[in-house]
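A.B. asks: predicted coordinates and the sequence they were generated for:
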Amino acid sequence: MAKPISLEKILFSQGFGTRRYCSDLVYADLVKVNGLLAEDPEERIATEGLVLTVEDRDWEYHEKAYIAFNKPENYECSHKTTHHPSVYSLLPSPFVERGLQCVGRLDFDTTGLLLISDDGQFIHKMTTPKKNIGKVYEITTPEPITQSQIDHLLNGVVLDDDPKPCFAVACNQLTEYTLAMTIVEGRYHQVKRMMAAVGNHVAKLHRTEIGAYLMPTDLAQGEWRWLYPQDLQMLSKSVTA
């Protein structure tokens, strides 16, 4: 069990501002610890199961943050955007303060499951092809999807910037115009370029699954939720597991 730490440090670690500001929040009677008003920023608090209330907003303590986010269209996965607002603008400010980063990126016009964390090892694990973690994309095309195109995707296509073929690990045709495709890599615009390489193109792109973790059906676009150990286990399952 982790050792108790001062409330000031806890608030700082969660992204509520500088340590001085975090102390001031306590002195201003704006912080509750497990429902009880806090009075001393130096009070040592056990973090297991800790729920803070800061300025009337409940906040679970997490040493490292792992969240699932349902990305809407026309948002960029960047802190420094070019033409569209940032996905970070849809998140609570403490997440930005504590340096959360997108685990890989979805194009501005791609929707669906996006992971966000401040755990560098987790980010690397989830993005390296060596771990063989599948990402499932639901692709909508303007032209009918043929079996020949599916076979080509499964057998590998060569993109114009790399002689090494990239493969779809699995393809499940949902309708004449929609395809669920699983990949383990994350090359630039990979899904769109793969579809173009087989003679079709992407009209809509939505990510539904990472590893064995499915986008929660009750997670609306623009909303987020914490990921817990059982969720992280599902995310880490490789396509060959």
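C.D. replies: Good, I have the coordinates. Residues are numbered from 1 along each chain as shown.
A.B. asks: residues making contact with the worst-scoring helix or strand of the chain on mean pLDDT?
C.D. replies: Lowest mean confidence among the helices and strands of the chain (mean pLDDT, DSSP states H and E): strand 162-166, at a mean of 85. The contact list for strand 162-166, computed with Cβ atoms under 8 Å, 6 or more residues apart in numbering, reads Gly156, Val157, Val158, Leu159, Ile183, Glu185, Arg187, Gln190, Met194. Bear in mind the C-beta positions are built from the backbone N, C-alpha and C, glycine included.
A.B. asks: pull out the buried positions in the helix or strand following it.
C.D. replies: The C-terminal neighbour of strand 162-166 among helices and strands, as given by DSSP states H and E, is strand 170-175. The neighbour-count check on strand 170-175 (16 or more other Cβ atoms under 10 Å) flags Cys171 as buried.
A.B. asks: for strand 170-175, packing partners?
C.D. replies: helix 147-155, strand 178-183 (3 or more Cβ pairs under 8 Å, 6 or more residues apart in numbering; DSSP states H and E).
A.B. asks: among the ones you listed, which is nearest Arg20?
C.D. replies: With Cβ to Cβ as the measure, strand 178-183 is the member of those nearest Arg20 (46.8 Å).
A.B. asks: for the closest one, C-alpha coordinates in PDB please.
C.D. replies: Extracted as PDB, the C-alpha positions of strand 178-183 are listed here (Å, rounded to 0.1, in the frame of the first residue of the first chain):
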ATOM      1  CA  THR A 178     -18.900  -0.600 -44.700                       C
ATOM      2  CA  LEU A 179     -15.900  -2.700 -43.500                       C
ATOM      3  CA  ALA A 180     -14.500  -3.400 -40.100                       C
ATOM      4  CA  MET A 181     -10.700  -3.600 -40.600                       C
ATOM      5  CA  THR A 182      -8.100  -4.500 -38.000                       C
ATOM      6  CA  ILE A 183      -4.500  -3.200 -38.200                       C
END
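A.B. asks: what is the mean pLDDT for that strand?
C.D. replies: Here strand 178-183 scores 96 as its mean pLDDT.
A.B. asks: same thing with stretch 198-218?
C.D. replies: 96.
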